[in-house]
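Q: sequence below, structure please.
(2 chains)
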Amino acid sequence: MPQRNAILGASPIRKEGRAKVLGAAQYTDDLALPDMWHGATVRSTVARGYIRNITFAHEVNWDEFCIVRASDIPGKNVIVHLMQDHPCLANGYVNHPDEPILLIAHPEKAALLRALKNIHIDYDELPGVFTIEESEAAVKALVEKNDDSRIIWPTPKADYEGGPNCFKTYEMYSGDAEKTETGLEAAFETADFIVEGEYATGAQEQLYIENNGVIAECFYTQQGEVESVCVRGSMQCPFYLVHALTLVFGLPDDKCRVIQVETGGAFGGKEDFPSVIGSHAALLAMKSKHPVKIIYDRAEDMAGTTKRHPSRTRHRTAVRKDGTLLGGTIEVTLDGGAYATLSSTVLSRATIHASGPYKWPHLRVRSKAMATNLPPHGAFRGFGAPQSLFGVERHMDRIAHTLGLTPEEVRRKNFLGTGDTTATGQPLVDKVDMQHMLTRALNEAGYHEKVARFAEENKHSLIKRGVGFAAFMHGTGFTGSGERRLNSLVYLDVLEDGLPQILVSSTEFGQGTNTILSQVAAQTLNLPYEDIRLAQPDTSVVPNSGPTVASRTAMIVGKLVERASLQMLETLRLQVHLPADHTREEFIAAAKAYRAQYGTLRASARYEPPAPIFWDDEKYRGDAYPGYAWAVYVAEVAVDMRTYMATCTRFDALQEVGKVMHPVLAKGQVEGGVAQGIGYALYEKCVWKDGHLANNQMTNYIMPTSADLPPIHVHFEEVPSIHGPMGAKGIGELPMDGPAPAIMNAIENATGISFCTIPLLPEDIFERVQSLGHPHGGTEDLDPSVDRDTRVEEVSA
Amino acid sequence: MHSDVTQFDLAAPPSLQAVLKQLAAEPGKHAPIAGGTEMMVALGAGRLQQRSLLSIQHLRELRFIRVEDRLLHIGSGTTFTDIRRSAEIAKHLPLLVQSASWTGSVANQNRGTIGGNICNASPAADTPPALLAYGATVTLVSASGERTMRYVDFHLGYKKTALRPDELLHSIHVPLVFGDHRQYIRKVGTRNAQAISKIALAAVAKVEEQRLADVRLGAASLTDRPVRCSATEAVLSGASLASDALEETIRLARAALAGETHAIDDIRSTARYRGAVAGNLLEEFLRSLAG
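A: Residues are numbered from 1 along each chain as shown, chains lettered A, B, ... in the order given. The predicted structure follows:
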């Protein structure tokens, strides 16, 4: 073969890298359309209440402004995600602070500032709920006292399945429900130990570098009716915005065009939210009859857009004294914020990942997403899994300490392996070797030597060092029947020059979509990487290859690009006799010959599972994901007992990802994700004041800097999956899942104190140390072998 | 951006005299701006009150570091980077170099000035604790003359200073008498870089025959302004570091420091944490002297 060189698995330069490095890449705020106006959003200043009055002060000449109210919306006043509970603009009632009420636009951006200061809104305030516990208490008050004063959802009272203040619930059993209940009863009856624990995680801001921003246009018929709208902007999922626009404007799909432009980071924060800002800009364009640009600044973006769902996970586990899990119950609760948005799917992933990579003879997971008067929480890297994996991976250490075993022994007793079935009943057909993964990760990190050494050194030092780890998995792609429902489609064209172009709605936002899809096409078509082009994601041009989320771009869309490429080769071989081991020149010649004969050349591939996937949505059982990536992460920490500051001092991340498509990007994904995970664990705290994010600036929302981050050692294993191109599975979520539990486990190893809530700030460590009676943060009594937090029921024989 | 920049005036008078003249002519109307690392943040957040800004960034007469009469003189327009690069300051005032390295990013340090850091008068500012411990004096200038005062008297309250509306901070002076002193400084911020202090402590002291002498302590975020911890200094003056007395010395010092601590709860930390960590830092300093 002339050039069957490995393009997949090499690290070619990123497709859009040159433009980004040279500053030539054009982001939304770099663009301007002729006669474009600028838009801004008038937001609620209270968490919950009725809008009594809106006053426009006479200091401003309002004739110059375009003002959009809920009553201007031509279609439905709704931002559709999975339900239709989320208003596009608050109409008489607000359910969270910073909720959009009015939109204004003006030719001069600076004029908007003064206008915003001169719009005054009065409210009849209602009491709000701001935590899971307050939301639950409100439901209790309803049930017990018929007091509905803090039932904040659904509004208006619609018949959604979760019930008052609850967006969604799941109940998942490791087998037949009744048999599992019986099994659980027996397990708790016969267990040597029953270990309980409660684990909580906080909200987290995605903190993409480029804030949310869009430019919208509206086109009219000669009769003056809205004919179509077009929105371009920073986003992950152009077709989600198309869907939202069709409802807001009452227009068909093909009249709502969406174009993704260069996007400066997303992390899930531009999955659901562009539907809001995109609809807003389009409404202003409709009413002002000008293109309208809306760009949030950092403060508005942080206060007004989605965060990661805060969570609480409760475990109750029956174990044998040798560490074998006999059965368990897990309750996962998410804080969804004021509207349902994507909470039900985030909850689904939290539910499925709650069991961790373990064999549970009997397991029941109950989960729910509660409503609070916070701005709606949304998608963020990991999508529910970091929350419930934090619970199970802290709990495994707790079980170990209770039993007097090492964290390693407990996990080794219970790891899933090849041929086992997961908690949803999915048989693990592909090779899974967590025993080996754990051995390798601990060796790479020097774990055993450090455990012994730190235990000695800590006795004489105010810097307590420790190591800890987390073992976990992450399912790639949409859950269960999700991929079948998405029904994704990709095109591969050959252009006039005889070279191919990929058409997908999968977007590049820094993570490498353009590059890896080009690698797949180049490898499969046997062409140089440089020859592959991608069409700009413009919904009037590209097919719907689904949203750019959940690592499905690598596995699912990558596989479709591979199939389309194979189909193109087959067409060229059959129709214009492209030789089997073709050169680049032969490909071009064949492609041109085909075009000369048939006009165009387009290959397409639509999703179908390469192997059967069974999923029962009713019982929540079956093949939850086409494939899982597996990982063991090891954290080393130092806790300074003078400042109570915990620092991660080394990190080892080992993951099995099927096939590493681009080693440089893959390593970058893991390093960046681990940094984000360290932030989640130790730094990034959302300070809510009556539902408003009080620290909505980068100076007081504390994200770790390079000076706070340790050396991150990234290690890979490859066990190819039939579902991905050349075996690839997902990478992107893993580094968000593992760091927080690994770090908390390491802190317990260092200090002997079990912390179960993140973010864990120095003030939290300080208060805990104080409560244990060490006024000076001294070394006495901080014996790592003593666990002061575990509630243990020792079952009498 | 929450400010409309068209609503602001910015002028750059050619000389210090011209700036002072303008400040004197319309006292309170103009705000001097040097590196702008604080004021531009306020502008972006829409909370910059002054509408007329006078740039002093280009004034070479305010940007100097020189040794004269056993004093180190630092012009108020000296940047953090200037301080970090100065061999003279590194030799005589290592705590100041250390504190200058804490501030913001390299870009902030290239623009931000020591004068701005002092006049902005944040209780959490990075360089004041070292300057307080070193017993600095400051010279203020106006069109009508100049005056020199102890730096410890410069801060009058929360974001309140002795500076009159017609005055500029001209220079800072530190006596070069610390060759025999033991020196300590530590900042506890929200993170290791680009962070604002939760608490910081600068300390210098002499140790003579296991006894403390000439103890000077400067702290950030301990009270509503950068502060010298004089009650604690008094307790420590002449105190013993001998092994049989050290624990008692530490106990008394911590108690004295707690007595002059008036920390607050804010978005960065809690009063309880600040108080306890200040004590821990002081203890760390004292143990390092004994060890």
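
Q: domain ranges for chain B, per the record?
A: Listed by automatic domain parsing, the domain ranges of chain B are B:5-55, B:60-175, B:185-290.

Q: which one is residue A:149 nearest to, not counting chain neighbours?
A: residue A:127 (6.0 Å; CB to CB, 6 or more residues apart in numbering or on different chains). Yep, even glycine has a C-beta here, placed from its N, CA and C like the rest.

Q: please tell me how far the one you found sits from chain B.
A: According to CB to the nearest CB, to the nearest Å, residue A:127 stands 25 Å off from chain B.

Q: distance to chain A and mean neighbour count for the domains of chain B - can I get that in JSON lines?
A: Conversion of the domains of chain B to JSON lines gives the following (distance: least, CB to the nearest CB, whole Å; neighbours: other CB atoms under 10 Å in any protein chain shown):
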{"stretch": "domain B:5-55", "distance to chain A": "6", "mean neighbour count": "16"}
{"stretch": "domain B:60-175", "distance to chain A": "9", "mean neighbour count": "19"}
{"stretch": "domain B:185-290", "distance to chain A": "4", "mean neighbour count": "20"}
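
Q: redo these as a markdown table? Include mean pLDDT.
A: Below are the domains of chain B laid out as a markdown table (pLDDT from 0 to 100):
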| stretch | mean pLDDT |
| --- | --- |
| domain B:5-55 | 95 |
| domain B:60-175 | 97 |
| domain B:185-290 | 97 |
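
Q: picking up where we left off before, which helix or strand contains the residue nearest to residue A:149?
A: Under DSSP states H and E, no helix or strand contains residue A:127.

Q: burial of it, as a residue count?
A: Number of residues near residue A:127 (other CB atoms under 10 Å in any protein chain shown) recorded here: 13.

Q: ok, it touching residue A:147?
A: No. Using CB atoms under 8 Å, residue A:127 makes no contact with residue A:147, being 10.7 Å away.

Q: picking that back up, same list, the domains of chain B, but as JSON lines with distance to residue A:540 please.
A: Compiled in JSON lines, those are given as follows (distance: least, CB to CB, whole Å):
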{"stretch": "domain B:5-55", "distance to residue A:540": "38"}
{"stretch": "domain B:60-175", "distance to residue A:540": "42"}
{"stretch": "domain B:185-290", "distance to residue A:540": "43"}
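
Q: so who does the residue nearest to residue A:149 touch?
A: Residue A:127 makes contacts with A:48, A:149, A:150, as judged by CB atoms under 8 Å, 6 or more residues apart in numbering or on different chains.

Q: which among these count as buried?
A: A:48, A:150 (16 or more other CB atoms under 10 Å in any protein chain shown).

Q: what is the nearest of the contacts of residue A:127 to chain B?
A: Comparing the contacts of residue A:127 against chain B with CB to the nearest CB places residue A:48 closest, at 23.6 Å.

Q: so what's that closest one up against?
A: Per CB under 8 Å, 6+ apart, neighbours of residue A:48: A:94, A:95, A:96, A:125, A:126, A:127, A:128, A:152, A:373.

Q: and the buried ones among these, selectable in ChimeraX?
A: Command for ChimeraX, covering only those of the contacts of residue A:48 found buried under the criterion 16+ other CB under 10 Å:
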select /A:94,95,96,126,128,152,373
